[in-house]
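J.: Have a look; sequence and predicted model below, questions after that.
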Amino acid sequence: MGGRTSFTLGRLAEALGASLDRDPGKTVSGVAPLETATADDISFVTDPRYRDAALASRAGAFLVADPIPNLPAPALRCSAPRHALIDLLSLFFPPPAVVPGIDSSAVVAKDATVDPTASVGTLAVIESGAVIGARVRVHPLVYIGAGTRVGDDSVLYPHVVLREGVTLGRRVIVHAGTVIGADGFGYAFDGTAHRKIPQVGGVIIEDDVEIGANVAIDRATLGDTIVRRGTKIDNLVQIGHNVEVGEAAILAGQVGIAGSSRVGAGAVLAGQVGVADHVTVGDGAMMAAQTGVHRDVAAGEKLMGTPARAMTQAKRIWIAEAHLPELARRLTVMERRVAELEARLGAARGGNGDA
Amino acid sequence: MGGRTSFTLGRLAEALGASLDRDPGKTVSGVAPLETATADDISFVTDPRYRDAALASRAGAFLVADPIPNLPAPALRCSAPRHALIDLLSLFFPPPAVVPGIDSSAVVAKDATVDPTASVGTLAVIESGAVIGARVRVHPLVYIGAGTRVGDDSVLYPHVVLREGVTLGRRVIVHAGTVIGADGFGYAFDGTAHRKIPQVGGVIIEDDVEIGANVAIDRATLGDTIVRRGTKIDNLVQIGHNVEVGEAAILAGQVGIAGSSRVGAGAVLAGQVGVADHVTVGDGAMMAAQTGVHRDVAAGEKLMGTPARAMTQAKRIWIAEAHLPELARRLTVMERRVAELEARLGAARGGNGDA
Amino acid sequence: MGGRTSFTLGRLAEALGASLDRDPGKTVSGVAPLETATADDISFVTDPRYRDAALASRAGAFLVADPIPNLPAPALRCSAPRHALIDLLSLFFPPPAVVPGIDSSAVVAKDATVDPTASVGTLAVIESGAVIGARVRVHPLVYIGAGTRVGDDSVLYPHVVLREGVTLGRRVIVHAGTVIGADGFGYAFDGTAHRKIPQVGGVIIEDDVEIGANVAIDRATLGDTIVRRGTKIDNLVQIGHNVEVGEAAILAGQVGIAGSSRVGAGAVLAGQVGVADHVTVGDGAMMAAQTGVHRDVAAGEKLMGTPARAMTQAKRIWIAEAHLPELARRLTVMERRVAELEARLGAARGGNGDA
């Protein structure tokens, strides 16, 4: 990937707002981790832990936060190296240009609206009344349902399915195989069978949301399932009908959120976390991996375990549990010793049988 | 979605078998939850908890179970409001009519049989010997393998994959991205490598089953993987080879059932439950979210935790665990106090050293 | 499935390297489990537990490990019956022959290279610079991105997505709906928003790997995500960016491995196991179902629980927990009895108030 462009260190320092300690005319033509970088690559030290690896690296230049004495190659120093790394990667690997136009093999309904600057790939299908914004990239084999709207600069990777009545904001990225707008999971049992509750709502995905591969986000029963601006969703996540996820939340891989629950802005759900239905998770709450959330969670709360508890308590319990079998044995010993004491004291004093 | 048809309250009362307290000539043109309903909408009170919300709602009419005094708009009263809600939604949002015929871009094998009343969408692929029943809707980009049969009135959403030798009953709904009939996960280790056991069985999905998005149901090694009539399966569920799921079971999101296990009729598995291989879960058993089932489960048993326990016991343990660190401290205090008692009693009586 | 070929028992004994106790001229035309086999089928007894079922079976012949007296039909005896079963299934159900050539509906870039012995199915899409090896089967509706390479004899089932810059070895099997090479989940928070870290690395899948349905394997940020030779991955598994999975590992259904972690050769991760990011799991380690791995794991370690512990310890704790509520009650009783003893001893001796 990427075109192996070359940059002088001086040019990079300027682009990244970094200070350079020497050799502004030296060129590098790639970015690589410390271990695999060659003399043609610039590498990066985003954490002091990697200092030794940096000293041993063959990289032709380094992006660093703090000065590292005796680095074997020139250093570009900047205050936020992770952000500088993003800029660096964007320089070396610019996103491919959008080639405007609709591929001749794509099947676009006559009354769909595709912005002339958008790109619609091979064998993509766009149904009646759909609206595709400026510079949108619809990759091959994508399906866009009737009346669905995709905002400017969004990217839909191959095999994405947007069912009818879905609304995507601007700069939304949806990775391959993801399904947005399947029916919510709602039934009423009539004594014999589960009768399907029609799922006639929609889905709203706001600006700057990124959604991983093979995710499923269901449409609402009525109203809308909503993912707010700037939230990032990893692969294989399940979001039920009528869920609302706040701004800039993080849902890691295989998280599941059941119907009608709310997840607050900035909340962080680690991998495989499950949230029960009709639950509210407050802003900025954090859940450790595999946590099972069965109740409302206050803003900023940190939880762990199934059913979830406060993280500090859960950790204390986890440590104490290691001694649980021994505790049971110690208690048995104690009971015997107390019984002996009672017997001896009873013998000494005449005793009473009621203990 | 939906055509914004208008109905008089009188007509709705008749259709739902409800009693109406006033204004039979008033019309409504939509259905909405209490909070968002306008004067043109009918709303619904399926649970007494929503009584206050109903009193504050702007809805033009209400569907209720029990009479609610002082409702601000006419009420249609019926004994089973959730079922009436289904009827109501079906009236306002009738499923789209099936447009019979095979889209010219679909690729259908010459010896496949497609009922003339079925609809085959854009770029769908139907392989040799497949049989598609009456009024079936095959959405765009669906793949139907050789010899696979789809029963009358079934719906396959975009990007569904039915591999060869799969049988779907009538009125089966399969949501987008779901794969039915991939090879089961079976190997025999020969000391060096995992040799693949050919997976040559099939899959049978009975009538009225609904399957969510991005689900995977594997074919059997030999024989069939079976999902029985009326069972409902949520998104991202995994069903291994040779599994049999009984009638009218509920498998919530991200449930996983390993190879050769059986899940009884009417069983309810909440989100992210895992069932080990070769396990039998009895009829009507219930598993709390994230339960890990490692052993056979009796009919009607309710389980929780990993490894699973009886739900009442698991809850008692979970509560007791909160006191576990304190318990350990109390036991240590007790040991000291008993040792002191022993010392004092020994001193008082001459003692013996064996405690 | 399969063509119902007939074989004499003599021919089968020869092909499987088995000894036959009688009737070499008898023919069978199918393979079936003990319970459903008819007189035309050969069945198999791969475990002594199935002896009674064998004695009751109607099968026309049996594949057995040890002699079973009074079997109702001839027995083929071989030392490794599970491997013989693989051979048997391969004889009766030979994999379909690859029909070389590119379907006229497939869309293949001019500068992609497709071996003339490969098969490219209906409506498959192969992008610029991709290289497809000998005898590869690209099923319908598969997407292969720019520059991606697929080694000889590999199979890509319908709706597989290989993004750009992915490398598959030989004899790799990828089941339907799986996505390889989606962007890794990497962001840097700038105080307001999560900025996307460009994901510009690749994915390498080595020879003889099999990957289930609806799996997601992300591309590396830089460098490569790697799955080594002979590893088997079940459905709905998530593998994050820069992960490396060693040779001949087993990842069961719905396992998730977060970014930059390593899983050793021969490791076995049961269903729904989660591995945190930047963790190393040693060779041959084993994780029970739903285990949450938060730390490095030594080679051969067996773990269970969340957070994970040694399996033997976890089981002991699980057993002890059953008595935890009772333990708390016993401790309370003990405290009362000790207090009484202290009171009595204090009364007897004048006591001191400090306990």
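T.: Perfect, thanks for sending it. Numbers count the residues shown, from 1 in each chain, chains lettered A, B, ... in the order given.
J.: Low-confidence regions, the stretch 251-355 of chain A specifically.
T.: The stretch 251-355 of chain A contains residues with pLDDT under 70 at A:347-355.
J.: So which bits of it are right by chain C?
T.: By CB under 8 Å from any CB of the partner chain, the residues of the stretch 251-355 of chain A that approach chain C are A:252-254, A:270-272, A:289-290, A:305-306, A:318, A:321-322, A:324-325, A:327-328, A:331, A:334-335, A:338, A:341-342, A:345, A:348-349, A:355. Every residue, glycine included, has its C-beta placed from N, CA and C.
J.: Likewise for the stretch 1-150 of chain A?
T.: Near chain C, when you scan the stretch 1-150 of chain A using CB under 8 Å from any CB, you find A:1-2, A:31-33, A:36, A:80, A:82-83, A:85-86, A:89-90, A:92-93, A:95, A:105, A:122-123, A:139-141.
J.: near chain B, which of the residues you listed show up?
T.: A:L123, A:L141.
J.: sorry, back to before: can I have the buried ones of the residues of the stretch 251-355 of chain A next to chain C as a ChimeraX selection?
T.: Selection of buried members from these for ChimeraX, criterion 16 or more other CB atoms under 10 Å in any protein chain shown:
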select /A:252,253,254,270,271,272,289,290,305,306,318,321,324,325,327,328,331,334,335,338,341,342,345,355
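J.: Take the residues of the stretch 1-150 of chain A next to chain C and keep only those in helices.
T.: Of the residues of the stretch 1-150 of chain A next to chain C, the ones assigned to helices by DSSP state H are A:R82, A:H83, A:L85, A:I86, A:L89, A:S90, A:F92.
J.: can you put these in JSON lines and add pLDDT and neighbour count?
T.: Listed next are those as JSON lines, based on pLDDT from 0 to 100; neighbours: other CB atoms under 10 Å in any protein chain shown:
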{"residue": "A:R82", "pLDDT": "88", "neighbour count": "19"}
{"residue": "A:H83", "pLDDT": "92", "neighbour count": "18"}
{"residue": "A:L85", "pLDDT": "93", "neighbour count": "23"}
{"residue": "A:I86", "pLDDT": "95", "neighbour count": "20"}
{"residue": "A:L89", "pLDDT": "95", "neighbour count": "20"}
{"residue": "A:S90", "pLDDT": "94", "neighbour count": "15"}
{"residue": "A:F92", "pLDDT": "95", "neighbour count": "24"}
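J.: What's the end-to-end length of stretch A:8-23?
T.: For stretch A:8-23, the first and last residues are 9 Å from each other (CA to CA, to the nearest Å).
J.: Stretch A:69-82 too?
T.: Taking CA to CA as the measure, stretch A:69-82 stretches 20 Å from start to finish.
J.: Please state the offset of that stretch from the chain centre?
T.: 29 Å (CA atoms, centre = their mean, to the nearest Å).
J.: Outline the domain layout of chain A.
T.: Per automatic domain parsing, the structural domains of chain A span A:7-92, A:101-312, A:323-355.
J.: Any idea how far apart the tips of the longest one sit?
T.: The separation between the terminal residues of domain A:101-312, taken as CA to CA, is 55 Å.
J.: just to revisit the earlier point, now flag whichever of the ones in helices among the residues of the stretch 1-150 of chain A next to chain C is closest to B:L16.
T.: A:I86 (56.9 Å; CB to CB).
J.: related to what we said a few turns ago, can you say which of the domains of chain A is packed in most?
T.: domain A:101-312 (a mean of 23; mean count of other CB atoms under 10 Å in any protein chain shown).
J.: Between the domains of chain A, which one is closest to C:N214.
T.: domain A:101-312 (5.2 Å).
J.: Give the bridge partners for the residue lying closest to A:Y187 once chain neighbours are set aside, please.
T.: Nearest in space to A:Y187, with sequence neighbours left out and distances taken as CB to CB, 6 or more residues apart in numbering or on different chains, is A:H194 at 3.8 Å. Listed beta-bridge partners, A:H194: A:F189 (assigned using DSSP bridges).
J.: what do you get for the one 10 residues further on?
T.: Here A:I204 sits in beta bridges with A:T167, A:I226, going by DSSP bridges.
J.: Starting from A:D277, give me the distance back to it.
T.: A:I204 sits 20 Å away from A:D277, going by CB to CB, to the nearest Å.
J.: Surely A:E164 is in contact with A:G181?
T.: Yes. Counting by CB atoms under 8 Å, A:G181 is a contact partner of A:E164 at 6.9 Å.
J.: list residues touching both of the two?
T.: A:G145, A:T148 (CB atoms under 8 Å, 6 or more residues apart in numbering or on different chains).
J.: and A:R135, helix, strand or coil?
T.: Of the three states, A:R135 takes coil according to DSSP: H, G, I helix; E, B strand; the rest coil.
J.: Return the residues in contact with it.
T.: So A:R135 contacts A:V98, A:P100, A:D115, A:T117, A:A118, A:S119, A:D152, A:D153 (CB under 8 Å, 6+ apart).
J.: Distance of the second one relative to chain C?
T.: Okay, so that is A:P100. Going from A:P100 to chain C by CB to the nearest CB, to the nearest Å gives 18 Å.
J.: neighbours around that residue, how many?
T.: 15 (other CB atoms under 10 Å in any protein chain shown).
J.: Could you measure from it over to A:V120?
T.: From A:P100 to A:V120 the distance is 9 Å (CB to CB).
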